[in-house]
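Undergrad: Sequence and predicted structure, then a few things I'm wondering about:
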Amino acid sequence: MLRRTLLTLLLLASAPLHAGERVSAEAANRPVTLSGFTRPQASLPLIAESDGKVLAVAVDIGDAIPEDGTFARIDPTFIQLDREANRVSQAQLRSRIAFDEKEVERHRELIRKGSTSRATLDELEQTLRDNRLQLDALVVAGKVLDERLSRTRVSAPAGWRVTARTVEPGQVVDSGQQLGTVADLRSLSVPFALGTSELQALEAQAAPRLRLPDLGLEVPVALTKVNPDFDPTTRKRTVELRLLERPPGALGGLRAELVLALAERSGAVFLPQHTIVRDHEEYWVTRADGKRFSVVRLGVEQRDGVEWWRVTAPGLAPGQQFELKE
């Protein structure tokens, strides 16, 4: 039963057109192929945040960043020495503060007994406050050194791949110097520069796809970015399509093709050949309301054994009804 039903539908879909039937003019679109190249979804420059000699570089170009996120390590010796000196200074100051606290308490007791002046106590309390503030400053300086120490490890997101490396072990680097670049190749995107009509044609696609000729594949994509600004020279804006699937072997630099169906600028439409009559070296069509058009033939397309002509004429528009002739 199911086979019979499918056969019936196929016969109906391929059934010939008959005289007297009406058909609608279809908008004639021209396929336009735009080319772009795949690139990582994101990339990141790796910058040294500390001066010093490079002790080790954990990865090379093409390698993935390990789970701990380490790209390279810079010699932390001088920062460690500064941190140790800071700890010694803090210990000395805490010892001094402990002594000052005892002195202040002793002089307060002497004042209660009338054995010392208030001015001496005020001076001791001021010294205690100054030492406490100095200790606070040393604690903050210690935190700064701890942060600088942690940044002798040049880190990157785990799983990203190294696309550039400009440093070797033993090299002395400066703070702010770029040591390499990593990219997220787990997801690829393709940028295109589109005009208004091209962007509208892309947005009209329910499930846009890109062809990857180098791999012989088509992959589904999603429109992820549309630049609200445009290039004043080309009057186009940059959009980005993200590949929803990453085929095996897909890397940056693969050619990608986007096919868009754009309306003919001439306003041409498609009509079956049997709606068109040749008369005195001209082609004519008659609309269902009786209006007659002299049309110019631009091309032919075969559909299920029927020739559909791409024609144009002033006043001819998609959706208009035409009657099939003998």
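TA: Noted; the coordinates are in hand. Numbering: from 1, shown residues only.

Undergrad: Quick check: bridge partners of V285?
TA: Following DSSP bridges, V285 is listed with bridge partners I276, F293.

Undergrad: Surely V139 is in contact with L93?
TA: No: V139 sits out of contact with L93 when judged by C-beta atoms under 8 Å, with a separation of 9.8 Å. All C-beta spots, glycine's among them, are computed from the backbone N, C-alpha and C.

Undergrad: residue contacts, G195?
TA: T234, R235, K236 (C-beta atoms under 8 Å, 6 or more residues apart in numbering).

Undergrad: again, only this time at 10 Å
TA: Contacts for G195 (C-beta atoms under 10 Å, 6 or more residues apart in numbering) come out as A201, F230, T234, R235, K236, R237, L262.

Undergrad: So L128: helix, strand or coil?
TA: Assigned with DSSP: H, G, I helix; E, B strand; the rest coil, L128 falls in the helix class.

Undergrad: Measure how buried it is and give me the count.
TA: L128 has 17 neighbours, counted by other C-beta atoms under 10 Å.

Undergrad: tell me which element the nearest residue in space to it that is not next to it in sequence falls in.
TA: Excluding its sequence neighbours, the residue lying closest to L128 (C-beta to C-beta, 6 or more residues apart in numbering) is D100, at 4.2 Å. If you go by DSSP states H and E, D100 is part of helix 77-113.

Undergrad: R83 is in contact with R148, correct?
TA: Yes: counting by C-beta atoms under 10 Å, R148 touches R83, with 8.7 Å between them.

Undergrad: Give the intersection of the neighbour lists for those two.
TA: By C-beta under 10 Å, 6+ apart, the residues touching both R148 and R83 are P76.

Undergrad: what about A288, distance to G114?
TA: With distances taken as C-beta to C-beta, to the nearest Å, A288 is found 121 Å from G114.

Undergrad: which of these two has more neighbours?
TA: Counted by other C-beta under 10 Å, A288 and G114 do not tie: A288 has more neighbours, with 12 against 7.

Undergrad: Not counting sequence-adjacent ones, nearest residue to that one?
TA: Excluding its sequence neighbours, the residue lying closest to A288 (C-beta to C-beta, 6+ apart) is Q321, at 3.8 Å.

Undergrad: burial count for F37?
TA: 12.

Undergrad: Give me the local confidence score for it.
TA: With respect to pLDDT, F37 scores 94.

Undergrad: The one 10 residues further on now?
TA: According to the predicted model, the pLDDT of I47 comes to 96.

Undergrad: hang on, it packs against G176?
TA: Yes: the pair I47 / G176 is scored as a contact, 6.3 Å apart, by C-beta under 10 Å.

Undergrad: Of those two, which one has the most company?
TA: Between I47 and G176, I47 has the larger neighbour count (other C-beta under 10 Å), namely 13 against 9.

Undergrad: Please list all residues in contact with the more buried one.
TA: Contacts of I47 (C-beta under 10 Å, 6+ apart): V154, V173, S175, G176, Q177, Q178, L179, G180.

Undergrad: I'd guessed the fifth one sits against A72; true?
TA: No: using C-beta under 10 Å, Q177 makes no contact with A72, being 11.4 Å away.

Undergrad: who touches both of the two?
TA: Joint contacts of Q177 and A72 (C-beta under 10 Å, 6+ apart) are L46, A48, V167, Q171.

Undergrad: and the third one, how many neighbours?
TA: The number of residues packed around V167, counting by other C-beta under 10 Å, is 19.

Undergrad: contacting residues around the most centrally placed residue in the chain?
TA: The residue lying closest to the centre of the chain (C-alpha atoms, centre = their mean) is Q41, at 4.6 Å. If you count contacts by C-beta under 10 Å, 6+ apart, Q41 has them with A183, D184, L185, R186, S187, L188, S189, T224, E240, R242, L243.

Undergrad: mind running it again at 6 Å?
TA: Residues in contact with Q41 (C-beta atoms under 6 Å, 6 or more residues apart in numbering) are D184, S187, S189.

Undergrad: can you check V59 too?
TA: For V59, the contact set (C-beta under 6 Å, 6+ apart) comprises V162.

Undergrad: shouldn't D63 be in contact with T163?
TA: No: counting by C-beta atoms under 6 Å, T163 is not a contact partner of D63; they are 10.4 Å apart.

Undergrad: which SS class is P220?
TA: Three-state assignment for P220 (three-state DSSP): strand.
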